[in-house]
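# What follows is a protein structure lacking sequence information:
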């Protein structure tokens, strides 16, 4: 029998030794741990010699943890976590503390999302399930029939234990006392107290100028735009949080946007947009409304504390967002970020002020994943496939508006820039150009794909470029700012390729991501390659523009819509296979039928394909705002906008939930 420990620290090391020396399990062969503190590592060097116990670090990569051909990380979010959630709803703690206590369905959605939110890289249910699967994978590789797993104390422990029992893993939970005493943990608990939360927000975003120059009150209401830091107010095709405004009649003077620094603030003011610091109204700090009041603890302490953390966070954020919206006369909240529950509480706060929340689809969601479940008034979706996915998730919305791909206006805007880029690369001897899309990465390959997988997205095609003087390559990294640090092992290869003049990397970045959209590189190329099938938004963009586009499915995402594309023509298993296919395609003078062809699913990605996605979205928002400014009730404003949209674009382009 083997023992596995999630993380060794001083507090649980004694418990492990006591368990081993108790004599109840005499056939213990070895102890494996996933993580260990520095202090525990030094102590272990001494105590293991005394006790004669072998402790080893458990080595694994996320890419190896699969269920047949499916990456376990993907399966957890598309299947396992749904089952876990169902079991939570049946748990006596959930029935006792939640079902009879909530004041609204919206608050319930916030709590339910909060309970299951999180990736395997952070403390979450997904991580707990993943650790069990890692141990199961290791047991299978070593042909072990049973084992013991020490895990950090978690809520819903009975559900975890049942999961472990199914795989012959006995789970023993240990206290995370050290984490509870950590200064960061203490500060997090204080932040969940509404008055401290609002004071913290006030101090963090305070500007002395606001005391003497509060936002001028005007008759018209505003729209708060939650963006990604892409403050580009030129309709030049580069990434912009205001693309819908730049391509419609929605006025800049009715947009509120939170800035990070003085430069961003000045840019917003110059373009007529209202800059927002993020500081709430001082008077609201002392007028707290507790929207959810949890009954006192009587059973299931761990589960009670988990629920209380979420309800306390709800109360803090509700008061903050309500104050912020009042301060800036906000009636519409527009966001792209739907992957946690923060926008939900903002939406609930705005509803209390008679406002409307809209979420626009920023990425292609090729399969059902719990983190994409929605709770909003309005959704701007790309296609009927997107709306179907939302419905399968049980998303809660009033109107789902199909607008097509919202960034398709860039196909025409960027044609000249793309032509100049292509001309430059061809002038250095290239005859064929390939555009490569990558994803971000972290250094720990246990919880993410790791830098190694991203290095492959560069190294194989770079080696091909250096050996083939007729090849040009364009790289559109998702995040350039960290690229050289993440690709340090192939830095020299990258520099050598750039020196040929046939390799171009988009480097200009916004607050978080590269400013150049994927389509700029795609339009300058003959073929595009996305190194991932699970995250295929960049590939979708290039395919919609009619550029032959390939996908490499190294991780395993069999549930994705993109798997309907042809293998060997569009989808490939690895980079060597893709390089051979590219060689063959270019040698045939680009005549291979079906190569990079997405025509069979194009209508499922964008039923319009007319370059007007941003226009439709901006005009819809403008209709809403005009009605709200006329004093029309939020429900009637949404109903009127939906009627106008169906008259102009068809009844099948709007779904009423």
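Yep, it's here. Computed from a predicted structure; not experimentally measured.

# Averaged over its residues, which helix or strand of this structure has the lowest pLDDT?
helix 177-181 (a mean of 54; mean pLDDT, DSSP states H and E).

# For the stretch 51-200 of the chain, which segments count as strands?
Here the stretch 51-200 of the chain has its strands, by DSSP state E, counting those that start in this stretch, at 55-57, 66-67, 70-71, 147-152, 169-174.

# Any chance of TSV for these, columns mean pLDDT, mean neighbour count and distance to residue 120?
Yep, even glycine has a C-beta here, placed from its N, CA and C like the rest. Listed next are the strands of the stretch 51-200 of the chain as TSV, based on pLDDT from 0 to 100; neighbours: other C-beta atoms under 10 Å; distance: least, C-beta to C-beta, whole Å:
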stretch	mean pLDDT	mean neighbour count	distance to residue 120
strand 55-57	90	14	18
strand 66-67	91	17	14
strand 70-71	90	18	11
strand 147-152	92	22	14
strand 169-174	92	19	17
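
# mind checking which of the ones you listed is nearest residue 375?
Nearest of the strands of the stretch 51-200 of the chain to residue 375, taken as C-beta to C-beta: strand 70-71 at 27.4 Å.

# Could you list the buried residues of the helix ranked longest in the chain?
For the chain, the longest helix by residue count, based on DSSP state H, is helix 301-327. Buried residues in helix 301-327, defined by neighbour count with 16 or more other C-beta atoms under 10 Å: 303-304, 306-307, 309-327.

# do you know how far the residue most central in space within the chain is from residue 453?
Centroid check for the chain by C-alpha atoms, centre = their mean gives residue 339 as the closest residue, at 5.6 Å. Here residue 339 is placed at a distance of 22 Å from residue 453 (C-beta to C-beta, to the nearest Å).

# which stretches of the stretch 201-350 of the chain have low pLDDT?
Along the stretch 201-350 of the chain, segments meeting pLDDT under 70 span 208-218.

# Figure out how far stretch 548-566 is from the centre of its chain.
19 Å (C-alpha atoms, centre = their mean, to the nearest Å).

# buried ones in it?
548-557, 559-562, 565.

# For those, work out which two are farthest apart.
Checking the buried residues of stretch 548-566 with C-beta to C-beta, the most distant pair is 548 and 559, at 24.7 Å.

# Backbone dihedrals for residue 481, both of them.
phi -50, psi -30 (degrees, to the nearest 10).

# before we move on, what about the one 3 residues further on?
Reported as degrees, to the nearest 10, the phi and psi values for residue 484 are phi -70, psi -30.

# give me every residue that touches it.
491, 494 (C-beta atoms under 8 Å, 6 or more residues apart in numbering).

# hang on, the earlier thing: so which of the buried residues of stretch 548-566 belong to strands?
549, 550, 551, 552 (DSSP state E).

# list the contacts for the closest residue to residue 616 other than its chain neighbours?
Excluding its sequence neighbours, the residue lying closest to residue 616 (C-beta to C-beta, 6 or more residues apart in numbering) is residue 403, at 4.3 Å. By C-beta under 8 Å, 6+ apart, the contact set of residue 403 is 380, 381, 382, 608, 613, 616, 617, 620, 653.

# The nearest residue to residue 507 once chain neighbours are set aside and residue 430: what is the separation?
Once flanking residues are discounted, residue 507 sits nearest to residue 480: 5.0 Å by C-beta to C-beta, 6+ apart. Per C-beta to C-beta, residue 480 is found 22 Å from residue 430.

# Likewise for residue 556?
With C-beta to C-beta as the criterion, residue 556 and residue 430 are 34 Å apart.

# what does residue 614 give?
Counting by C-beta to C-beta - residue 614 and residue 430 are separated by 33 Å.

# and the longest helix of the chain with strand 169-174, angle?
70 degrees (axes from the mean of the first three to the mean of the last three C-alpha atoms, to 10 degrees).

# Now do helix 301-327: which elements does it pack against?
helix 92-97, helix 105-116, helix 194-205, helix 342-351 (3 or more C-beta pairs under 8 Å, 6 or more residues apart in numbering; DSSP states H and E).

# low-confidence ranges in this protein?
23-26, 48-52, 99-104, 176-187, 208-218.

# I figured residue 439 hits residue 483, correct?
No. Residue 439 is beyond contact range of residue 483, at 11.7 Å (criterion: C-beta atoms under 8 Å).

# Show me which of those two is the more surrounded one.
residue 483 (23 against 19; other C-beta atoms under 10 Å).

# Wait, that one touches residue 477, no?
Yes. Contact criterion C-beta under 8 Å: residue 483 and residue 477 qualify, at 5.1 Å.

# Return the list of helices and strands in contact with the host helix or strand of residue 412.
Assigned by DSSP states H and E, residue 412 belongs to helix 410-413. Under the contact criterion of 3+ C-beta pairs under 8 Å, 6+ apart, helix 410-413 touches helix 518-523.

# List of residues touching the helix it packs on?
Contacts of helix 518-523 (C-beta under 8 Å, 6+ apart): 237-238, 407, 410-411, 414-415, 417-419, 421-422, 435, 437, 474-476, 504, 506, 528, 537-539, 541-542, 545, 547, 549.

# May I see the PyMOL selection of the buried members of these?
Of these, the buried ones can be selected in PyMOL as follows, counting by 16+ other C-beta under 10 Å:
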select buried, resi 237+238+407+410+411+414+415+417+418+421+422+435+437+474+475+476+504+506+528+537+538+539+541+542+545+547+549
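
# Would you enumerate the residues in contact with residue 425?
433, 472, 474, 501, 502, 504, 524.

# now for the host helix or strand of the first one, which elements pack on it?
The one in question is residue 433. Element membership of residue 433, judged by DSSP H and E, is strand 432-437. With contacts taken as 3+ C-beta pairs under 8 Å, 6+ apart, strand 432-437 sits against helix 415-426, helix 450-467, strand 471-476, helix 518-523, strand 527-530, helix 537-544.

# what ranges do the helices span in the stretch 151-300 of the chain?
Ranges of helices in the stretch 151-300 of the chain, per DSSP state H, counting those that start in this stretch, are 157-166, 177-181, 183-191, 194-205, 209-212, 243-246, 262-270.

# Give me whichever of those is most buried.
Compared across the helices of the stretch 151-300 of the chain, helix 243-246 shows the largest average neighbour count, a mean of 24 (mean count of other C-beta atoms under 10 Å).
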